[in-house]
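> I need the structure of the sequence given here:
(one chain, ligands or ions: 2)
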Amino acid sequence: MRVLVPFDAERPKTRLADLLDERERSALARAMLDDVLAAVRAAGGEPTVLSTAPIDVDAPVRVDDRALTPAVNDALADAAPESPAAVVMADLGLATGDALADLFDADAEVAIVPGRGGGTNALVVRHPEFRVDYHGLSYRDHRRIAAEIDADVAVVDSHRLSTDVDERADLVELLLHGDGRATAWLRDAGFELAVEGGRAGVRR
Ligand SMILES: Nc1nc2c(ncn2[C@@H]2O[C@H](COP(=O)(O)OP(=O)(O)OP(=O)(O)O)[C@@H](O)[C@H]2O)c(=O)[nH]1
Ligand SMILES: C[C@H](OP(=O)(O)O)C(=O)O
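Ligands and ions are numbered 1, 2, ... in the order given. Below is the predicted model of the structure:
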């Protein structure tokens, strides 16, 4: 399975700016990218990083400085039943080979893992006319686009893959369930789980 891993190399993870400075956000984003690439390979996928700028990483890199949606659509253009393509976001810090293998094996022309909050964390495309439209309620948009071209859709239900690390609360998930480089980076940076007023959170 060809697997595109989109990566914003220049201004990653801005929603974590009140917790992490720019270098730290880059380091966490990079650790998650490495975790995702390892998980893709463990699932038998062949990853290509679709990056906004050149990066030094242990995988082929396709540089495209356009916005996410046109860059992904260009790279997906030749997806077909005999040559499926997947898109797996680089901020899935809990991704595992087993979880991705379930997605890659889903028997549908479009298989979707929704992200919490309405996004699309991962996709497999086997239909030549399917196009992505990221941001906003992209899960709903991708179901509509699939319906418009009569593509059959599988929705893959996965706690690990539906957890994208965008905000403070997502760091709880990484510290609680993660065992990869991103979780190790967070611990090394001094983050730990905390319970305040009966609610789970993180503190540094
Ligand atoms: N190639 C490419 N990847 C992108 C772009 N924007 C975001 N990504 C990647 O797409 C995935 C989802 O990104 P988002 O969570 O929407 O954005 P983010 O830049 O990671 O974080 P925020 O700045 O907090 O929105 C992550 O793997 C990003 O690295 C882009 O313009 N081009
Ligand atoms: C790219 C975007 O990610 P989010 O901003 O929802 O994390 C989406 O899934 O459409």
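> Chain neighbours aside, what residue packs nearest to the residue positioned nearest the centre of the chain?
Computing the C-alpha centroid of the chain and ranking residues by CA atoms, centre = their mean puts Met89 first, at 1.9 Å. Of all residues not flanking Met89 in the chain, Asn121 sits nearest, at 5.3 Å (CB to CB, 6 or more residues apart in numbering). Quick note: C-beta positions are derived from backbone N, CA and C, even for glycine.
> tell me which residues of stretch 27-45 are tucked away?
For stretch 27-45, burial by neighbour count (16 or more other CB atoms under 10 Å) applies to 27-41, 43, 45.
> Out of the residues you listed, name the ones that lie in helices.
Counting by DSSP state H, the part of those found in helices is 27-41.
> hang on, the earlier thing: can I assume the residue nearest to the centre of the chain is in contact with Ala122?
Yes: Met89 is within contact range of Ala122, at 6.6 Å (criterion: CB atoms under 8 Å).
> What residues of stretch 82-98 count as buried?
When burial is assessed from 16+ other CB under 10 Å, stretch 82-98 yields the following buried residues: 84-97.
> And for stretch 163-174?
Neighbour-count burial for stretch 163-174 [16+ other CB under 10 Å]: 163-166, 170-174.
> give me the subset of the residues you listed touching ligand 2.
Counting by CB under 6 Å from any ligand atom, 164, 166 from those sit close to ligand 2.
> want to try JSON lines for the buried residues of stretch 163-174, with secondary structure and pLDDT as columns?
Shown next, in JSON lines, are these (DSSP: H, G, I helix; E, B strand; the rest coil; pLDDT from 0 to 100):
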{"residue": "Thr163", "secondary structure": "coil", "pLDDT": "97"}
{"residue": "Asp164", "secondary structure": "coil", "pLDDT": "97"}
{"residue": "Val165", "secondary structure": "coil", "pLDDT": "97"}
{"residue": "Asp166", "secondary structure": "coil", "pLDDT": "96"}
{"residue": "Asp170", "secondary structure": "helix", "pLDDT": "97"}
{"residue": "Leu171", "secondary structure": "helix", "pLDDT": "98"}
{"residue": "Val172", "secondary structure": "helix", "pLDDT": "97"}
{"residue": "Glu173", "secondary structure": "helix", "pLDDT": "97"}
{"residue": "Leu174", "secondary structure": "helix", "pLDDT": "98"}
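> Of the buried residues of stretch 163-174, which is the nearest to Val110?
Closest approach between those and Val110, by CB to CB: Asp164, at 19.0 Å.
> and the closest one, what does it touch?
Applying CB atoms under 8 Å, 6 or more residues apart in numbering, we find Asp164 in contact with 89, 91-92, 115-116, 119, 121, 170.
> Just send the residues you listed back as JSON lines, with secondary structure too.
JSON lines is the format used below for those (DSSP: H, G, I helix; E, B strand; the rest coil):
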{"residue": "Met89", "secondary structure": "coil"}
{"residue": "Asp91", "secondary structure": "coil"}
{"residue": "Leu92", "secondary structure": "coil"}
{"residue": "Gly115", "secondary structure": "coil"}
{"residue": "Arg116", "secondary structure": "coil"}
{"residue": "Gly119", "secondary structure": "coil"}
{"residue": "Asn121", "secondary structure": "strand"}
{"residue": "Asp170", "secondary structure": "helix"}
